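Peer 1: One predicted model, sequence on top.
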Amino acid sequence: MNLFLLVNLLAFIGITGYAVFLFAKVIATRVAYIKLGRKSDFDKDLKTRLKKILTIVFGQTKLLKDKKSGAIHVMMFYGFILVQFGAIDMFIKGLVPEKHLPFGPLYPGFTFFQELVTLMILTAVVWAFYRRYIEKLVRLKRGFKAGLVLIFIGTLMLSVLLGNGMAQIWHGHDPTWTEPIASLIAGVFGWLSPTVAMVVFYIAWWIHTITLLSFLVYVPQSKHAHLIAAPINVFFSKRVPGKLKKLDFDIEDEEEEEVSFGVGKVEDFEQAQMIDFYACVECGRCTDVCPASTTGKMLSPMDLMIKLRDHLTEKGAAVTGKTPWVPTFAFAGTTGNQLATKARNEAAASVEGIQLIGDVITEEELGACTTCRNCEDACPVMNEHVDKIIDLRRYLVMTEGKMDSDIQRAVMNIERQGNPWGLSKKDRIKWRELDESVYIPTVKELKKEEKEFDYLFWVSSMGAYDSRSQKIAIAFAKLMNQAGIRFAILGNKEANSGDTARRIGNEFLFQEIAEKNIKEFQKHDVKKIVTIDPHAYNIFKNEYPDFGFTAEVYHHTQLLYDLVMNGKLKPERSINERLTYHDSCYLGRYNGVYDPPREILRAIPGLELVEMDRSRENGMCCGAGGGLMWAEETTGNRINVARTEQALAVQPSMISSACPFCLTMLSDGTKAKEVEEDIQTMDVAEILALSVLIEEASKTA
């Protein structure tokens, strides 16, 4: 080995070793920060979790929801994995000239494939640059850091092609079809002497090496940490989307003085939640679909994650003494590194005064969330924003006693009377009087008659008290009568499901409600529940089991779908309307129920079903979720009006939903747009009843 190659090898080993050390140091630092959080419970359903890795990480299914950005990412993701073999090949060529990967007779095919992949990645880089800096997508940031990765990747690809071209001149190789681009470069610069070509080769080789190692160090301390954190995040993501965790209120006497509920400090989050912070890609897809953000509210799900991440990084540096940014000497002026180098007591004191709610995240941001989970559905790395917002709300409500005055009134009414309006508990059953021809027995009445029921019909506070929703409850009861379904209601014994209390942050009230409801269900040996309220459907099905609830839960569209498909309900009357269907967030994104309501509507003669631009998984929230049904919107545009405008864009004569909250918001939206006389808003059950109950329909026509 000549002196040059020896020096080159030693320099390569030294620089590579230093880069790997810095990379490992950053990873260890981030792990130390995450360990400040509370330990997470983990169910060992490895089959489901590995399936998520295959479909979301390697299948790129969530990224491909945005086809253009998804295509760019697929090209870069797979291209970058494959091109690493080319990087190894180039290292070998620089360390041991005229040697290469030992692929034998397959090597020519390998080099040809590598050039195709390199060109594909360069195409993706140019396309990504265009979308960020020329097309200027609103959701994409346009600073130096945002474009640095494109510079890294572009430099890596160009240096490989240039190096391979120079190697052909240096070693006197003839042009070959297996390296078309390198051969073209060699042809253009064929006038160079072998010595000069060797010098240019090593310049390209070192540019490639330094760029690759710089990228290695840059990745874990930038938004590109998602390359490491995202697969882990996908693996640990919730198996039940949107499910909230139960808080433990069993506090020992000696702990009472220090107790707080919810998240008031960043280290109160669970470790699995903290992985989300470093998995965030800063792609803006979440903010782009957030109903609060797109109607001018303060909330941006992406900014929420970034602020929590930055706060954890600085607090982690202060508590652990580990510098977040490397090389340390190059970033001595950063806040994180300065905190890490201070004395621990001094550093901890400097961050203790920073309030998570107030200084990092504002109450206005937390109050704007409708809990619709559109952000989570759009996120390509399975970040979960809503549970963090609820945890922060829990702290505000249960530890600091802060709540929007309108919502506070509704929650107090739920606590006292079991409904958000504060109407008498004794009036809950009065909705039956709207149509006494419909058979709607209570469980108590059936017990007296020694009759049984198959389904408990959970009417919900909306169905029992709201005049518009009462019509939905009546229509559904009529359809069950028609199909011969044996059902009963709790009547005045029915309370509130507790969804509003839980989503707004009053976990204590929710747990009281849930325990009382479960006792009532058990008292009457309830095996199946059906409800017109998607919020009750979701909380019964997914969250009540944590408290010992075991009954099966159905949404009314699921039961009606089965009845229509089985021929027990036969839509016969033609309804000649152009209809668009609005997906309830708690029915759709939370529980994946998209097809049953649509199939019911398609079974109705004369009905033309047209989809809004945003429908199904990407359907926009009506604005009522998360307890915001009971609050006034004081910032930006009204969410329900924005959603109504999307519905009106497809020129319907009727707008339908399968949720009393959604229907109320859409009805208010048509009034705001002054089209309520021309466009009807109806629940799926009401429309089906018009088609099935021909005699009844003729009376109301």
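Peer 2: That came through, no problem.
Peer 1: alpha carbons only for contacts and neighbour counts from here, please
Peer 2: Noted.
Peer 1: Wait, residue 509 touches residue 413, no?
Peer 2: No - assessed by Cα atoms under 8 Å, residue 509 is found out of contact with residue 413, at 11.7 Å.
Peer 1: Any stretches of the chain with poor pLDDT?
Peer 2: 1, 63, 66-70, 72-73, 75-76, 79-80, 135-146, 251-259, 694-701 (pLDDT under 70).
Peer 1: which SS state does residue 681 fall under?
Peer 2: strand (DSSP: H, G, I helix; E, B strand; the rest coil).
Peer 1: Any idea how many residues pack against it?
Peer 2: Residue 681 is flanked by 24 other residues according to other Cα atoms under 10 Å.
Peer 1: and if you look at residue 243?
Peer 2: 15.
Peer 1: Backbone dihedrals for it, please?
Peer 2: Main-chain torsions, residue 243, degrees, to the nearest 10: phi -70, psi 130.
Peer 1: all helices of the stretch 201-350 of the chain, in order?
Peer 2: Secondary structure of the stretch 201-350 of the chain (DSSP state H, counting those that start in this stretch): helices located at 226-236, 271-279, 285-289, 291-294, 301-320, 335-341, 344-352.
Peer 1: same question, the stretch 1-150 of the chain
Peer 2: Going by DSSP H, counting those that start in this stretch, the stretch 1-150 of the chain shows helices at 3-34, 46-52, 67-95, 107-129, 144-171.
Peer 1: So which of those is nearest residue 501?
Peer 2: helix 3-34 (29.9 Å; Cα to Cα).
Peer 1: returning to what we had before: could you say which of the helices of the stretch 1-150 of the chain is packed most deeply?
Peer 2: Mean neighbour count (mean count of other Cα atoms under 10 Å) peaks for helix 144-171 among the helices of the stretch 1-150 of the chain, with a mean of 20.
Peer 1: rewinding a little: so can I have CSV of the helices of the stretch 1-150 of the chain showing distance to residue 238?
Peer 2: Formatted as CSV, the helices of the stretch 1-150 of the chain follow (distance: least, Cα to Cα, whole Å):
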stretch, distance to residue 238
helix 3-34, 18
helix 46-52, 9
helix 67-95, 23
helix 107-129, 31
helix 144-171, 30
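Peer 1: Tell me which of these sits nearest to residue 289.
Peer 2: helix 67-95 (15.3 Å).
Peer 1: rewinding a little: for residue 271, find the nearest of the helices of the stretch 1-150 of the chain.
Peer 2: Closest among the helices of the stretch 1-150 of the chain, using Cα to Cα: helix 3-34, at 5.6 Å.
Peer 1: angle of the closest one against helix 301-320?
Peer 2: 100 degrees (axes from the mean of the first three to the mean of the last three Cα atoms, to 10 degrees).
Peer 1: Phi first, then psi, for residue 619.
Peer 2: phi -60, psi 140.
Peer 1: how many neighbours does it have?
Peer 2: Residue 619 - counted by other Cα under 10 Å - has 22 other residues nearby.
Peer 1: Distance of it relative to residue 657?
Peer 2: According to Cα to Cα, to the nearest Å, residue 619 stands 12 Å off from residue 657.
Peer 1: repeat for residue 39
Peer 2: Counting by Cα to Cα, the gap from residue 39 to residue 657 is 40 Å.
Peer 1: Between those two, point out the one with more neighbours.
Peer 2: Set residue 39 next to residue 657 and count neighbours by other Cα under 10 Å: residue 657 wins out with 22 against 14.
Peer 1: Next up, the contacts around the nearest residue to residue 603 once chain neighbours are set aside.
Peer 2: Take residue 603 and drop its neighbours on the chain: the residue closest to it by Cα to Cα, 6 or more residues apart in numbering is residue 571, 6.8 Å away. By Cα atoms under 8 Å, 6 or more residues apart in numbering, the residues touching residue 571 are 564, 603, 604, 605, 688, 691, 692.
Peer 1: Quick one: neighbours of the fifth one, just the number.
Peer 2: Spelled out, that is residue 688. 25.
Peer 1: For the helix or strand harbouring it, name the packing helices and strands.
Peer 2: For residue 688, the host element (DSSP states H and E) is helix 684-692. Judged by 3 or more Cα pairs under 8 Å, 6 or more residues apart in numbering; DSSP states H and E, the packing partners of helix 684-692 are helix 467-483, helix 556-565, helix 595-602, helix 694-700.
Peer 1: neighbour-wise, which of the contacts of residue 571 leads?
Peer 2: residue 688 (25 neighbours).
Peer 1: Distance-wise, check it relative to residue 606.
Peer 2: Taking Cα to Cα, one finds residue 688 at 12 Å from residue 606.
Peer 1: Ok, residue 693 next?
Peer 2: According to Cα to Cα, residue 693 stands 16 Å off from residue 606.
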